[in-house]
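1. Quick one: sequence and predicted model below, then my questions.
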Amino acid sequence: MSNTPGRVLVLIPTFNEKDSLPGVITRVRAQTPPVDILVLDDNSPDGTGAVADALAAQDPRVQVMHREGKQGLGRAYLAGFAWAIEHGYDAVVEMDADGSHLPEQLGRILAAAQDADLVIGSRWVPGGATHNWPHRRNILSRGANLYTRAALGIPVRDATAGYRLYRTSALQTMDLEGVASAGYCFQVDLTLRAVDRGLRVVEVPIDFVERTEGTSKMDGSIVREALSSVTLWGLQRRGGQVVTATQGLGRRVKTGATWHELTD
């Protein structure tokens, strides 16, 4: 592959992020090479949409998509993916509006995209770190990712990470119309789709910083949704592997395989 994406669009979903959004956009725009930004606002009651419109009026590289209401992180990103593909972008970056994903580390994600279809900014590879997280949150994230790797059998250490880049050409192979995940398990869903389609997935270390403004969207229902979805996907994958193995064994028996061949 070995080619850096040309036109890159940074997707920033928002819901009540009026205080943090201006600083994040300023920091993203300071990066080189220059990228465009699409704010995906889910009709924030605190006026984030109006703040985003004011920023867009001052900067032609900033666009705003106003959505009817809070429909979940996954739905927002899917809308952003479709917009990016329609407007001819080579890659999209997912980034939080609260400052947890450092815009100053965008360069390492773009650099890794030279040889990747999906680049994940990972907290759990060597060099990755979290800052200002309570011990319980660290344990929860590490445990969730260990469980995801074991249940799904994928070689990704931070499948729940939200700071990532996709080539749009890769997204177009991933059957996005079949994505039903709305919450944070959306990230696991798309990671799994990328791995299953043989796409090149690379993890690079990042620093994840706990937000200092606003409130986290993480709650018990999101965790339960992710756990149940990953468990179901894992069972389906194991079941499919058993069926495939059984069918293969049956074909060998029908073609006259010897006992020695069957047990090799």
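-> Cool, got the structure. Numbers count the residues shown, from 1 in each chain.

2. quick one: T26 is in a helix?
-> Yes: T26 forms part of a helix when assessed by DSSP: H, G, I helix; E, B strand; the rest coil.

3. Tell me how many other residues crowd it.
-> By other C-beta atoms under 10 Å, the residues close to T26 number 12. C-beta coordinates here come from the backbone N, C-alpha and C atoms, glycine included.

4. Can you name the residues that contact the residue nearest to the spatial centre of the chain?
-> Most central in the chain under C-alpha atoms, centre = their mean is Q187, positioned 4.1 Å from the mean C-alpha point. Residues in contact with Q187 (C-beta atoms under 8 Å, 6 or more residues apart in numbering) are A159, T160, A161, G162, R164.

5. can you do 6 Å?
-> Shown in contact with Q187 (C-beta atoms under 6 Å, 6 or more residues apart in numbering): T160, G162.

6. after the one helix or strand it maps to, next one along is what?
-> Using DSSP states H and E, Q187 maps to helix 185-196. Sequence-wise, the next helix or strand downstream of helix 185-196 (DSSP H and E) is strand 201-205.

7. now that next one: how far from the chain's centre is it?
-> 12 Å (C-alpha atoms, centre = their mean, to the nearest Å).

8. so what does the following helix or strand past that strand touch, helix or strand wise?
-> Sequence-wise, the next helix or strand downstream of strand 201-205 (DSSP H and E) is strand 207-209. The helices and strands touching strand 207-209, judged by 3 or more C-beta pairs under 6 Å, 6 or more residues apart in numbering; DSSP states H and E, are strand 129-131.

9. how far out from the middle of the chain is stretch 56-69?
-> Worked out by C-alpha atoms, centre = their mean, stretch 56-69 lies 21 Å from the chain centre.

10. Export only the CA atoms of that stretch, formatted as PDB.
-> C-alpha atoms of stretch 56-69 as PDB (Å, rounded to 0.1, in the frame of the first residue of the first chain):
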ATOM      1  CA  ALA A  56     -17.600  27.100  10.400                       C
ATOM      2  CA  ALA A  57     -18.400  30.700   9.300                       C
ATOM      3  CA  GLN A  58     -14.900  31.700  10.200                       C
ATOM      4  CA  ASP A  59     -13.100  28.700   8.600                       C
ATOM      5  CA  PRO A  60     -14.000  27.100   5.300                       C
ATOM      6  CA  ARG A  61     -12.300  23.900   6.400                       C
ATOM      7  CA  VAL A  62     -15.000  23.400   9.000                       C
ATOM      8  CA  GLN A  63     -18.400  22.000   8.200                       C
ATOM      9  CA  VAL A  64     -21.400  21.200  10.400                       C
ATOM     10  CA  MET A  65     -24.000  18.500  10.100                       C
ATOM     11  CA  HIS A  66     -27.100  19.100  12.200                       C
ATOM     12  CA  ARG A  67     -28.900  15.900  13.200                       C
ATOM     13  CA  GLU A  68     -32.400  15.700  14.500                       C
ATOM     14  CA  GLY A  69     -31.600  14.400  18.000                       C
END
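
11. Give me the buried positions along it.
-> Under the neighbour-count criterion of 16 or more other C-beta atoms under 10 Å, stretch 56-69 has A56, V62, Q63, V64, M65, R67 buried.

12. now stretch 13-27
-> By neighbour count on 16+ other C-beta under 10 Å, the buried set for stretch 13-27 is P13, T14, F15, N16, E17, K18, S20, L21, V24, I25.
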